[in-house]
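In: Kindly generate the corresponding structure for this input.
(one chain, ligands or ions: 1)
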Amino acid sequence: MDQNTKKQRAAEAAISLIKPGTVVGVGTGSTVNYFIDALAANKIDIEATVSSSDASTARLKALGIDVYDLNEVSTYDVYVDGADEVTNHKHMIKGGGAALTREKIVAAVAKSFICIVDDSKKVDVLGKFPLPVEVIPLARSYVAREIVKLGGDPVYRQGVITDNGNVILDVHNLSIIEPTALETQLNQIAGVVCNGIFAHRPADLVISASETGIERW
Ligand SMILES: O=C(CO)[C@H](O)[C@H](O)COP(=O)(O)O
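Out: The predicted structure follows:
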C-alpha cells in the first residue's frame, strides 16, 4: 500500500468523529486534503470550518464548505491535522508545509486535536525530521546563530514565504528529548514567531494508518 493510500485511510477514519452542526478546525497538508475531500464527499452537515492556511481555505471553499474567521469563534470541538512526526506521548513536529503558526493557533482554540498520519510518521524521539521555525525575515541570521548555540543546524527554506509573510528555518540534527522545554526555549529567541514542536498542546488522539489497518492512541 502506498503512503498516499494510508494518508487517505487515516483521514477517512477521522470523519466518523465529526458531528453535524459543529464547527470543525482544519489543518494543512496532503493528509488534511484527503480529510477535506472526505468532509465534502460524506456531506456531513457541519456548521462551518476554521482553517489553518490559505491553501486549506481555498480547497474548502472550492468544495462549497464555509470557512469562518477564527476571531468569530470562541472555541470549537475538534481540530484535525497531520504531522511530520508524532510520538507515543502525542507530541508532534509540524510545519513541513510552512503552516505551523496558524496551525498552532487554530489548534489552541480547539477542545480536542485529532492527528491523522500514515505510519511512517510515528517516532520514538522527535527530531529526525528537520524542525521548522517561522522567523521574522529581518531576524533570520540572528535566529540561525542562536539556534546553532542550542546545537541545531538551521537551513533557510529558500523561496518559501509563509501566509504571515515570514520565512522558515529548518533545524537539522536535533534530538528532542524534552520537547516542552525546547518549544519554550526556541520561542524566547527574539524574531522567532513560532516553532514546529507541538508539545505544550499535544494531540488528544492520533489516528495512524498502516498496511494492516488503523491504529489509535
Ligand atoms: O504541519 C503541516 C503543514 O505545515 C502538515 O501537517 C505536515 O507537514 C504533514 O503534511 P502531510 O500531511 O502532507 O504529510
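
In: Outline the domain layout of the chain.
Out: With domains defined by automatic domain parsing, the chain comprises 3-123+200-216, 131-196.

In: Enumerate the residues of the protein near the ligand.
Out: By the rule Cβ under 6 Å from any ligand atom, the part of the chain lying against the ligand is 27-31, 81-84, 94-100, 103. Glycine gets a C-beta too; all of them are placed from N, C-alpha and C.

In: Just the buried ones from those residues?
Out: 27-29, 31, 81-84, 94-100, 103 (16 or more other Cβ atoms under 10 Å).

In: ok, those vs Glu134, which is closest?
Out: Leu100 (6.0 Å; Cβ to Cβ).

In: backbone phi and psi for the residue nearest to that closest one when sequence neighbours are not counted, please?
Out: The shortest distance from Leu100 to any non-neighbouring residue, by Cβ to Cβ, 6 or more residues apart in numbering, is to Gly196 (4.6 Å). Here is the backbone geometry of Gly196 (degrees, to the nearest 10): phi -80, psi 10.

In: repeat for Ile114
Out: For Ile114, the backbone dihedrals (degrees, to the nearest 10) come out as phi -100, psi 120.

In: tell me the contacts of it?
Out: Shown in contact with Ile114 (Cβ atoms under 8 Å, 6 or more residues apart in numbering): Ala14, Leu17, Val78, Tyr79, Val80, Asp81, Ala203, Asp204, Leu205, Val206, Ile207.

In: Mind doing that once more with 6 Å?
Out: Contact partners of Ile114, counting by Cβ atoms under 6 Å, 6 or more residues apart in numbering, are Ala14, Val78, Val80, Leu205.

In: Go through those residues and give me the one with the most neighbours.
Out: Tallying neighbours with other Cβ atoms under 10 Å puts Val80 at the head of these, with 29 neighbours.

In: my guess is that one meets Ile15, correct?
Out: No. Applying Cβ atoms under 6 Å, one finds Val80 not in contact with Ile15, separated by 9.1 Å.
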